[in-house]
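> Give me a 3D structure for the following:
(4 chains)
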Protein chains: 2
Amino acid sequence: MREAATAEARPYHHGDLRRALVDAARRILEGEGPSALSLRAVAREAGVSPAAPYHHFKDKGELLDAVAHVGWDMLGEAMTSAKGRTGDPAAHMTEIGVAYVQFSRAHPALYRVMYDCSRDKDMLPEGMQDNEDSAYCQVRETFRALAGPTVAEVDIELATIAAWCAAHGLAEMTSFRQFDPLKDGLGGEEGFLRAVLGHLGMFPAARAKAGGNG
Amino acid sequence: MREAATAEARPYHHGDLRRALVDAARRILEGEGPSALSLRAVAREAGVSPAAPYHHFKDKGELLDAVAHVGWDMLGEAMTSAKGRTGDPAAHMTEIGVAYVQFSRAHPALYRVMYDCSRDKDMLPEGMQDNEDSAYCQVRETFRALAGPTVAEVDIELATIAAWCAAHGLAEMTSFRQFDPLKDGLGGEEGFLRAVLGHLGMFPAARAKAGGNG
DNA sequence: AAGATCATCTTGACGCCGTTCAGATCGGTG
DNA sequence: CACCGATCTGAACGGCGTCAAGATGATCTT
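Model prediction:
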């Protein structure tokens, strides 16, 4: 609708339909959730015919890939800026973990698409690949900096995977409403996140803080 | 197909269509994955018309709920028998964790349905609810036995959640093929699982073993 | 045993989906 | 200006979830 209104001015050729479709998909995700994200609905939201997207994406999956790409970029930025918010390197891991889960809570539908469309291809999601600036590499380099030179490479890799598992697992679990009472007793959702992370081995700063709380 | 052959003998009234539909759904899941699991395909596999399931389930979601229920039962049994395989109580948590992830790897499509259909309702999955015999309660009681009387109740709850996050996260991560080389260097998939669990705080036995390996 | 009842199953239809294809439209190149 | 390739439309196909109306048969009543 919002897009359809502005699209009246562009009569036939859209100009930047590819980006408009990705934006429309994100609006639908935010507003109506993943189950409403049909290719036809995206085209409708962008004000074009159902067949128009096929000139910019091979199929629906490729459109979702593009949406997921935006999501991983956003998550990477959130993690980077979270790391910058504390001067203590020992706290970096905790802050990254909290930022990760908070992103998944702020954009639950987008987060789901980010993993779903990589699962369908049996492939690592974009943010976990070994590209220079992926979110995963951010975590690994943070571990490497904390570990020092004596720690074996394989242990850095395993610690990164373990931390990622913990963050992703927590991202999924904390979305269930049944934990709300527990959160209330721990000073809200962020308190809950830090408490759970404190029970996982690789977040020493969170563990100290959780110990202080309970 | 398999079901359709035996269904020829039962002309109109099936007799136990509800169970037959759940079984048919599980066969499709195992054989063709979650994307092939349409209500019509399930009816086809069971040898009935597309509308027949509506006399046993309100909609497709309720059929999936029934399938998920079977899955959570299977997972609970796998966890119980894993705990019984070791006499050392300190190793229980690790064995449960390994059994959890191995179940998710043995039945990936079923595992996905188990979480998906609870996510769609913003509700805790069956195996995580506070019912007497749920898989989640198995983990919590194991923690309680290990913790002793001085540990606060909320910490037992948090440790259980943390362990569940770790196991679920690992279950999702280990399905990505890109970790295969890493697994090879750690004595296969089970070695990989134990190594990652060893980097997470609540699996002391795995941590000791992982330390011995690398 | 005969008939009524009610759950079960089928048939056929509706609207939405992803996808394809022929044709309309337009921007840029010769 | 004429053309061409990229872009978009309209109509169509099969598959999906779901529903209403009718056929079937097991069970219960008398």
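> Tell me the helix or strand right after the helix or strand bottoming out on mean pLDDT in chain A.
Every helix and strand of chain A was ranked by mean pLDDT, DSSP states H and E. The lowest is helix A:2-7, at a mean of 38. Where DSSP states H and E defines the elements, the next helix or strand beyond helix A:2-7 is helix A:17-32.
> Please work out the average pLDDT along that following helix.
Taken as a whole, helix A:17-32 carries a mean pLDDT of 97.
> and it, does that touch DNA strand C?
No: judged by C-beta under 7 Å from any atom of the strand, helix A:17-32 stays clear of DNA strand C, getting no closer than 9.8 Å. Any C-beta I mention is one placed from the backbone N, CA and C, and that applies to glycine too.
> could I have that helix exported to CSV, CA atoms only?
Taking C-alpha atoms only, helix A:17-32 is exported to CSV below (Å, rounded to 0.1, in the frame of the first residue of the first chain):
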residue,chain,number,x,y,z
LEU,A,17,12.1,-2.8,-8.7
ARG,A,18,14.6,-5.2,-7.2
ARG,A,19,15.2,-3.0,-4.2
ALA,A,20,11.5,-2.1,-4.0
LEU,A,21,10.6,-5.8,-3.8
VAL,A,22,13.1,-6.5,-1.0
ASP,A,23,11.8,-3.5,0.9
ALA,A,24,8.2,-4.7,0.4
ALA,A,25,9.1,-8.2,1.6
ARG,A,26,10.6,-6.7,4.7
ARG,A,27,7.5,-4.6,5.4
ILE,A,28,5.3,-7.7,5.1
LEU,A,29,7.6,-9.6,7.4
GLU,A,30,7.5,-6.9,10.0
GLY,A,31,3.8,-6.4,9.7
GLU,A,32,2.3,-9.8,9.1
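> Please enumerate residues in contact with the next helix or strand after that helix?
Heading C-terminal from helix A:17-32, the first helix or strand you meet, by DSSP H and E, is helix A:39-46. Outside helix A:39-46, the residues that touch it by C-beta atoms under 8 Å, 6 or more residues apart in numbering or on different chains are A:1, A:3-4, A:7, A:14, A:17, A:20-21, A:23-25, A:27-28, A:49-53, A:60, A:63.
> so where is chain A shaky, pLDDT-wise?
A:1-13, A:204-205, A:207-214 (pLDDT under 70).
> Can you give me the domain boundaries for it?
Listed by automatic domain parsing, the domain ranges of chain A are A:2-55, A:60-213.
> quick one on the thing from earlier: counting neighbours, which of the contacts of helix A:39-46 end up buried?
Buried by 16 or more other C-beta atoms under 10 Å in any protein chain shown: A:3, A:7, A:14, A:17, A:20-21, A:23-25, A:27-28, A:52-53, A:60, A:63, out of the contacts of helix A:39-46.
> hmm, back to that, need the winner for burial among the domains of chain A.
Sort these by mean neighbour count, taking mean count of other C-beta atoms under 10 Å in any protein chain shown, and domain A:60-213 sits at the top with a mean of 18.
> hmm, that one in reach of DNA strand D?
No: residues of domain A:60-213 contacting DNA strand D under C-beta under 7 Å from any atom of the strand: none, with a closest distance of 11.9 Å.
> what's the spacing between that domain and its chain's center?
8 Å (C-alpha atoms, centre = their mean, to the nearest Å).
> I'd like to check the angle between the longest helix along chain A and helix A:17-32, please.
Secondary structure of chain A per DSSP state H: the longest helix is helix A:60-84. Counting by axes from the mean of the first three to the mean of the last three C-alpha atoms, to 10 degrees, helix A:60-84 lies at 70 degrees to helix A:17-32.
> Now do the helix or strand that comes right after helix A:60-84: everything it contacts.
On the C-terminal side of helix A:60-84, the nearest following helix or strand under DSSP H and E is helix A:89-106. For helix A:89-106, the external contacting residues (C-beta under 8 Å, 6+ apart) are A:74-75, A:78-79, A:81-83, A:85-86, A:111, A:135, A:138-139, A:142-143, A:145-146, A:163, A:166-167, A:170-172, A:174-175, A:189-190, A:193-194, A:197, A:202-206, A:209.
> run the last query once more with 7 Å
With contacts defined as C-beta atoms under 7 Å, 6 or more residues apart in numbering or on different chains, helix A:89-106 is touched by A:75, A:78-79, A:82-83, A:85-86, A:111, A:139, A:142, A:145-146, A:163, A:167, A:170-171, A:174-175, A:190, A:193-194, A:197, A:202-206.
> residues contacting A:Trp164?
Counted by C-beta under 7 Å, 6+ apart, A:Trp164 has contacts A:Met128, A:Tyr136, A:Val139, B:Met173.
> Test my guess that the second one contacts A:Glu126.
No: because the distance of 9.4 Å does not satisfy C-beta atoms under 7 Å, A:Tyr136 is recorded as not touching A:Glu126.
> Let's see the distance spanning stretch A:43-61 from one end to the other.
Counting by C-alpha to C-alpha, to the nearest Å, you get 14 Å between the two ends of stretch A:43-61.
> Determine whether any part of it lies close to DNA strand C.
Yes: residues of stretch A:43-61 contacting DNA strand C under C-beta under 7 Å from any atom of the strand: A:Pro50, A:Ala51, A:Tyr54, A:Asp59, A:Lys60, A:Gly61.
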